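Participant: Next come a sequence and a model predicted from it.
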Amino acid sequence: MNLANRLEDAFCSNSVLSAVRAILEEKSSTSLVDRLDEVASRELQKNEFKNVTLILRALEQIISKDKDCINRLVHQGVVIKISVLFLFAS
């Protein structure tokens, strides 16, 4: 199952833990941030702000527990992507 499908499952169950697991399974992928951005952008286009919030909450939990992962995400541009998400959401 790909990241988008696992995140869809997390959205349906409103489970931050499921989203965290999906992201952590992909954390070594060089395209993780781009794929997260695609999913978040699609959810914003559907006005599913709660799903974007779920992604952000999952990232928050990961960042607080896994310093190696945050370094990798920052290197991939997650800060810029999150800033853009906040601009679209507001």
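Facilitator: It's in.
Participant: Could you measure from the residue nearest the centre of the chain over to V16?
Facilitator: Centroid check for the chain by CA atoms, centre = their mean gives I55 as the closest residue, at 4.0 Å. Relative to V16, I55 is positioned 9 Å away (CB to CB, to the nearest Å). C-beta coordinates here come from the backbone N, C-alpha and C atoms, glycine included.
Participant: chain center to the longest helix along the chain, what's the gap?
Facilitator: When the chain is parsed with DSSP state H, its longest helix is helix 49-65. Its chain's average C-alpha position is 6 Å from that of helix 49-65, according to CA atoms, centre = their mean, to the nearest Å.
Participant: quick one: buried residues of the following helix or strand past it?
Facilitator: Per DSSP states H and E, the first helix or strand lying C-terminal to helix 49-65 is helix 67-76. For helix 67-76, a neighbour-count test (16 or more other CB atoms under 10 Å) marks 69-70, 72-73, 76 as buried.
Participant: Next, the buried residues of the next helix or strand along the chain from helix 67-76.
Facilitator: On the C-terminal side of helix 67-76, the closest following helix or strand by DSSP H and E is helix 78-89. Buried positions in helix 78-89, judged by neighbour count with 16+ other CB under 10 Å: 78, 81-82, 85.
Participant: tilt between helix 78-89 and helix 67-76?
Facilitator: Our comparison of helix 78-89 with helix 67-76, counting by axes from the mean of the first three to the mean of the last three CA atoms, to 10 degrees, yields an angle of 70 degrees.
Participant: For helix 78-89, which helices and strands make contact with it?
Facilitator: helix 32-45, helix 49-65 (3 or more CB pairs under 8 Å, 6 or more residues apart in numbering; DSSP states H and E).
Participant: Ok, which of these comes nearest F11?
Facilitator: Among the helices and strands packed on helix 78-89, helix 49-65 comes nearest to F11, with 4.6 Å by CB to CB.
Participant: so the closest one versus helix 78-89, what angle?
Facilitator: Using the same axes, to 10 degrees: helix 49-65 against helix 78-89 is 160 degrees.
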